[in-house]
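Enquirer: let me see the structure of the following:
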Amino acid sequence: MSSSATTPPYTVPLKEGIPPNHRLHTESTTTIFLPKEGAFLNPVQHYNRDMSVAVIRAWNEMRKEELEKKWRTKMEKRGGVVKPKKGKKAAAKAKVSVDEEISEEAVTNVTGPSTEHLTTAAGGQPEAGPSIEKKFRAPSINILEALAATGLRSIRYAKEIPNVKYVLANDLSPSACEAMRRNIELNGVGEDYESPAVNGEEGAIPAKEELEKEQAMEEKMELYPEEKASNGTHSEPAAQAEAPKAGEPKDSVGRRPNCRGRVKINEGDACAFMYSRRSPVGPTSRVDVVDLDPYGTAAPFIDAALGCIADGGLLAITCTDLAVLAGQQYPEKCYSNYGGTNVHAEYTHEAALRLVMHSLATCAARYGRYITPLLSFSIDFYVRLFVRIDTRPEQVKRLAAQTGVVYTCQFCQTSVTQPFGKVVEKETTKGVTLDAFKTAAGPTPSHGSSCEECGSTMHLGGPLWLGPLQDGEFAKRVIRDIQSQEKEYKTYSRMLGMLTIASQELPNPWFFTANRIAKSLHSSSLPMNKILSALLNAGYKISRSHCVAGAVKTDAPRSFIYDIMREEIKLNPIRMDKIPEGSPSRNIINKAMTHKIDFTPHPDASLERSGKETFYQLNPLPNWGPAPKAKSIQVSQEAKRKAGDVEEIEEDAEVKKARLDEEAAINA
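Expert: Residues are numbered from 1 along each chain as shown. A predicted model of the protein is given here:
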């Protein structure tokens, strides 16, 4: 098969062309060979991969700013002087640097530059003075994808995220690893591929030896002087160059400007691979980003993932078992996987996010580490969370105040949260503020297990995370990045809509919908603007929730929301003869009002979209959901090398046994 006729754009021409029993799949500038069997890829998670690229890019920029701020603070304390390195090699390197600078100064002095910045050391040896400008150089990052399958996500990370050194792609399936090797070669992100330069970059991406030599010099939190080479090339690394604008040209394999990542493949158990990188230092030191996207629950991988992430690093985790997390059929399975029972209510998808976050927080706390949620989404048939990992034992003590249970009335959806602890600030006689950690009192001492609104029985859910799920400022950072790179994301409108909601979402747990409130009272639903005006006129805050269309988050108590309905019933009475005596609905209606309701239209009583963002997407295709789980196929590497057939595989044991039995029957 001719490669020139079948090679898609942004790929490396392969001699064999498209292998048999394969098809091409393209996302962004990445095209892969997708085998019909043996490797898993769900095309409907294109949005998941787009969002992951955007979030990691934004996190990387935020991390650079934080490291540069610490670096400048240290420089100010040192008076702008570099801390000398210890050892004979460092001393020899410093001497070579001085000699090179003297030589350069001698050459440039012909054209007139001053040598006033050079001073003379003891013995008459000139050395660089303090006037030389020093620049910060952020360290590169390593990304680990524990369950890489076809390698599509890893290849996209290498092509689309700046400052990446290596993407470590792992999978247990030999057939999946073989597919990854082929796809990495096709996309030119292997260690030996040499890419030509494009506009806005320093030059060609170096081959393996040059890349390792250059990146071995990078050290975290290290001061790098401005390098001056006699050939006049720019000294600042590509990752520090000016941010690329939308529409800038890419190189021959579709890398976005300043993206130089390489993909390494590891065939083996995901947990064993992550556990091998738990050391803070050394050749198998921690990585900066871990992406967990399993088929089903991520619970078996959480412990290993949290241990191999460097401080300040990012964990991106997906769980597709919403039948367990957000349903009501498997409370025992939910508890065994995530350490809490699911919540049966209209806000069950938010509870699913909080159950996963609780599992992450408690697992990290065992090792003196704590999590900081950046973004948390309930999307289609899965949840996706992005959290930062840090080590600080004193911060772990606050976990009890951020964790608790929720009591939910399954009739009227009234909820009461019960944290396990609380933090009380106390000021000493010397004026020092100290934190005191105490257990919290019960939430319903006067009502017991009965709902205070309708009198029905309340059900227990959790333990789960009660802290904020979104970082509004970080969400705005991601929005700014994707707006400047709109053409790079096919799912841009949906990304913008969900990030916009996340940037505005209140940290308060739970939400309500107007239709569900009206259903509890057998009444018609109120217009949304009327409900929002009543909340705003009373001084409460409002926002959307990304989980459900029409959902409203507020810091108002549930009693105020039902007072809105009671006030509306006064204006538009309902037929009480249709409501049985003693029913929960009649209990709510007959309850005395405790708040004053003002329906005057408020100017901010609108949660409509303002642009082309998509807040809540309808399923664009039939059978929208998780794809069938892939079956691993054992690939015979030795047979493949001998026969030159890239599709040579070992037969499954059962299939082989059935074939032998059939041959025996024929011979008999």
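Enquirer: where does the prediction get shaky in the stretch 151-300 of the chain?
Expert: Regions of the stretch 151-300 of the chain meeting the criterion pLDDT under 70 cover residues 193-249.
Enquirer: now do the helices in it.
Expert: When assigned using DSSP state H, counting those that start in this stretch, the helices of the stretch 151-300 of the chain occupy the ranges 152-160, 174-187, 208-215, 270-275.
Enquirer: so which of these is the most surrounded?
Expert: helix 152-160 (a mean of 28; mean count of other CB atoms under 10 Å). (Each C-beta comes from the backbone N, C-alpha and C, glycine too.)
Enquirer: export it as CSV, just CAs?
Expert: Once non-C-alpha atoms are left out, helix 152-160 reads as follows in CSV (Å, rounded to 0.1, in the frame of the first residue of the first chain):
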residue,chain,number,x,y,z
LEU,A,152,-4.2,9.3,21.8
ARG,A,153,-4.3,11.3,24.9
SER,A,154,-0.6,11.0,25.6
ILE,A,155,0.3,12.0,22.0
ARG,A,156,-2.0,15.1,22.3
TYR,A,157,-0.3,16.1,25.5
ALA,A,158,3.1,15.9,23.9
LYS,A,159,1.9,17.9,20.9
GLU,A,160,-0.2,20.5,22.6
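Enquirer: remind me what it packs against, helices and strands.
Expert: Packed against helix 152-160 by the contact rule (3 or more CB pairs under 8 Å, 6 or more residues apart in numbering; DSSP states H and E) you find strand 22-27, strand 30-35, helix 46-78, strand 141-145, strand 164-171, helix 174-187, strand 262-267.
Enquirer: cutoff 10 Å now
Expert: Packing partners of helix 152-160 (3 or more CB pairs under 10 Å, 6 or more residues apart in numbering; DSSP states H and E): strand 22-27, strand 30-35, helix 46-78, strand 141-145, strand 164-171, helix 174-187, strand 262-267, strand 287-292.
Enquirer: got these as TSV, with distance to L385 columns?
Expert: Formatted as TSV, those follow (distance: least, CB to CB, whole Å):
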stretch	distance to L385
strand 22-27	22
strand 30-35	24
helix 46-78	10
strand 141-145	16
strand 164-171	20
helix 174-187	24
strand 262-267	24
strand 287-292	10
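Enquirer: go through stretch 551-563 and flag the buried ones.
Expert: By neighbour count, and taking 16 or more other CB atoms under 10 Å as the criterion, the buried residues in stretch 551-563 are A551, V552, K553, T554, A556, R558, S559, F560, I561, Y562, D563.
Enquirer: next one: stretch 303-318
Expert: By neighbour count, with 16+ other CB under 10 Å as the criterion, the buried positions of stretch 303-318 are 303-310, 312-318.
Enquirer: out of these, name the ones that lie in helices.
Expert: When DSSP state H defines the helices, the subset of the buried residues of stretch 303-318 inside them is D303, A304, A305, L306, G307.
Enquirer: now the first one: how far from C363?
Expert: Distance of D303 to C363, computed by CB to CB, to the nearest Å: 6 Å.
Enquirer: swap in the third one?
Expert: Relative to C363, A305 is positioned 9 Å away (CB to CB).
Enquirer: likewise the last one?
Expert: G307 sits 9 Å away from C363, going by CB to CB.
Enquirer: now N142
Expert: N142 sits 22 Å away from C363, going by CB to CB.
Enquirer: same deal with E567?
Expert: From E567 across to C363, the span is 47 Å (CB to CB).
Enquirer: can you check P13 too?
Expert: In this structure, P13 and C363 are separated by 46 Å, where distance is defined by CB to CB.
Enquirer: look at those two and report which has more neighbours.
Expert: The residue with more neighbours, out of P13 and C363, is C363; 19 against 11, by other CB atoms under 10 Å.
Enquirer: can you say which helix or strand has the more buried one in it?
Expert: Remark: C363 resides in helix 348-365, with elements defined by DSSP states H and E.
Enquirer: tell me which helix or strand comes right after that helix.
Expert: Later in the chain than helix 348-365, the nearest helix or strand by DSSP H and E is strand 369-379.
Enquirer: in that next one, what's buried?
Expert: When neighbours are counted by 16+ other CB under 10 Å, the buried residues of strand 369-379 are found to be R369, Y370, I371, P373, L374, L375, S376, F377, S378, I379.
Enquirer: verify the stated contact: the last one with A502.
Expert: No: with contact defined as CB atoms under 10 Å, I379 and A502 do not form a contacting pair (11.7 Å).
Enquirer: P507 sits in which helix or strand?
Expert: P507 is part of no helix or strand when elements are defined by DSSP H and E.
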